[in-house]
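> sharing a sequence plus its predicted fold:
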Amino acid sequence: KREKMIATTIDSVLAQTFIDYELIIIDDGSVDNTAQVIKQYNDSRIRYVYQTNAERSAARNNGITHATGQFICFLDSDDEYLPHHLQTFYDFIKAKNFEDAFYYAPSILDSGAEKTTSLVYDGNQHHAVWAWHALLQNCGVCVPCTFLKENNFPPQFNVWEDMHLWLRLLVKNKFYQLPQPLAIVHFHDNRSINNMFETIDI
């Protein structure tokens, strides 16, 4: 249930200093007022797609099929971009001549009680090994659309499905780390990864 969070997420995209983008929102069978919140926005860059609940991999894969841009960035419904997120990625990728590569920026991790910064690649090991230990935040990922047309999120997994895809892409492609945090990850009681840990009996 994200009706109380989704507006902050959408607003952070609409507040971007870079304006040439499309915002594809996949509603994975919400049963609250999420749809009503989204439909209050009147912006031609927003594309709202509803699907019967099929979990995160299917939702992300669905969003990819609707994408028309050259690169795709990700943003979960409880996180937000800093205003310069897309512009910074664009400038960095342009400086690399729009090279097909895996681009990643760290995030601010906000637990409510404190704020920290996610790990930054130090170059001391292969980037795929580092990514596995760092547990990449989705809102820090920006990759060519062609990568995702050829490699889907695995629908058979409900946990770590994102890392499954990121690792497959990282072992095959060049990796570029942007230095500064470009998004905020909010940790809260309803965050799906928190709920997953609560169900594990160790």
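Cool, got the structure.

> quick check: the gap between the most centrally placed residue in the chain and Ile24.
Taking Cα atoms, centre = their mean, the centroid of the chain lies closest to Phe74, which sits 2.6 Å from it. Remark: distance between Phe74 and Ile24 (Cβ to Cβ, to the nearest Å) = 10 Å. The C-beta positions use only the backbone N, C-alpha and C, and glycine is treated the same way.

> please apply the same query to Arg60.
10 Å.

> kindly report the same for Phe102.
Applying Cβ to Cβ to Phe102 and Ile24 gives a distance of 20 Å.

> which ones are touching Ile93?
Going by Cβ atoms under 8 Å, 6 or more residues apart in numbering, Ile93 touches Phe71, Glu99, Tyr103, Cys142.

> tell me the phi and psi of the third one?
Listed backbone geometry of Tyr103 is phi -110, psi 140, with angles given as degrees, to the nearest 10.

> same check on Cys145?
Torsion angles, degrees, to the nearest 10, at Cys145: phi -60, psi -30.

> repeat for Ile25
Per degrees, to the nearest 10, the backbone of Ile25 is at phi -110, psi 120.

> ditto for the one 3 residues further on
Backbone dihedrals for Asp28, given as degrees, to the nearest 10, come out at phi -90, psi 60.

> pull up the gap between it and Asp79, please.
Distance from Asp28 to Asp79, by Cβ to Cβ: 16 Å.

> same check on Tyr103?
Taking Cβ to Cβ, one finds Tyr103 at 17 Å from Asp79.

> who's more crowded, these two?
Under the neighbour definition other Cβ atoms under 10 Å, Tyr103 and Asp79 were set side by side, and Asp79 has more, 24 against 21.

> thinking again about what came up before, surely the residue nearest to the centre of the chain meets Arg56?
No. Phe74 lies out of contact with Arg56 (Cβ atoms under 8 Å); the separation is 10.6 Å.

> about what we covered before: next one, pLDDT for the residue nearest to the centre of the chain please.
If you check Phe74, the pLDDT there is 97.

> worst-scoring helix or strand of the chain, pLDDT-wise?
Counting by mean pLDDT, DSSP states H and E, the chain has its least confident helix or strand at helix 192-198, which shows a mean of 42.
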